[in-house]
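Asker: Fold the following, please.
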Amino acid sequence: AAIEAARAGAHVTLFEATSGNGGTSALSGGEIYLGGGGGTPIQRAAGFDDRTEDLYKYLLMAGGPNADEDKVRLYADGSLGHYEWLTAQGVEYRNSYIAERTIEPSTDDCLIWSGSEDAWPFNTEARPCPRGHLPEVVGEMGGRQLVDTLARRALEAGAGAHFDARAIALVVDAARRVVG
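Answerer: Numbers count the residues shown, from 1 in each chain. Alright, predicted model coming up:
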């Protein structure tokens, strides 16, 4: 959001409670579930044809009984666009696939099965397909690479950043514009 808002001319400031980009996202493996529309280039290269409806059904089930169907639909329908946007920002995904179940590979491989895609009851509602995409970095540092890449793009687009700073509330004017 910060990248696109800054590119559109908005005055954007990132606030981070910690001393660096990303908070807990930076501590994650950086895995993002992507697919649908025939699959990402990495899925297709590995021989998978991921249909949007299967991605939608899988994500809806994975989200549990309180999953927001409209948001899941929007995400599934735009998933290939998300992949293309991420790669356009400089997030690198290696064209590689790990065929066995894995959560956090110790390699820089990209496409993974987390395990539930081919397990009951998921496999009865959605055709199984590996959908976990990890940025190309060895070990569990994909989250760090992901947030640093996106933060760099936001700064290049003109956003500012404050670290060790927590945003508590937004100040809005009578026209409901954020002014502080």
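Asker: ok, Pro11 - how many residues close by?
Answerer: Just so we're on the same page, residue 11 is His rather than Pro. The local packing of His11 (other CB atoms under 10 Å) involves 11 other residues. Bear in mind the C-beta positions are built from the backbone N, C-alpha and C, glycine included.
Asker: Same check on Asp49?
Answerer: 13.
Asker: Helix or strand for it, just tell me which one.
Answerer: Mapping Asp49 onto the secondary structure by DSSP states H and E places it in no helix or strand at all.
Asker: Quick check: it vs His11, distance?
Answerer: When distances are taken as CB to CB, to the nearest Å, Asp49 and His11 turn out to be 44 Å apart.
Asker: same question, Ala174
Answerer: As defined by CB to CB, Ala174 lies at a distance of 18 Å from His11.
Asker: And Ile103, by the same measure?
Answerer: Using CB to CB, which is the criterion applied here, Ile103 is 40 Å from His11.
Asker: confidence score at Gly29?
Answerer: We note a pLDDT of 88 for Gly29 in this prediction.
Asker: ok, and what's touching the top helix by length along the chain?
Answerer: The helix that spans the most residues within the chain, counting by DSSP state H, is helix 142-156. Contacts of helix 142-156 with the rest of the structure, by CB atoms under 8 Å, 6 or more residues apart in numbering, involve 2-3, 6, 12, 14, 21-22, 25-32, 89-92, 134-137, 161.
Asker: Got phi/psi on the residue positioned nearest the centre of the chain?
Answerer: What sits nearest the mean C-alpha location of the chain, by CA atoms, centre = their mean, is Ile32, with 4.3 Å. Phi and psi for Ile32, reported as degrees, to the nearest 10, are phi -130, psi 130.
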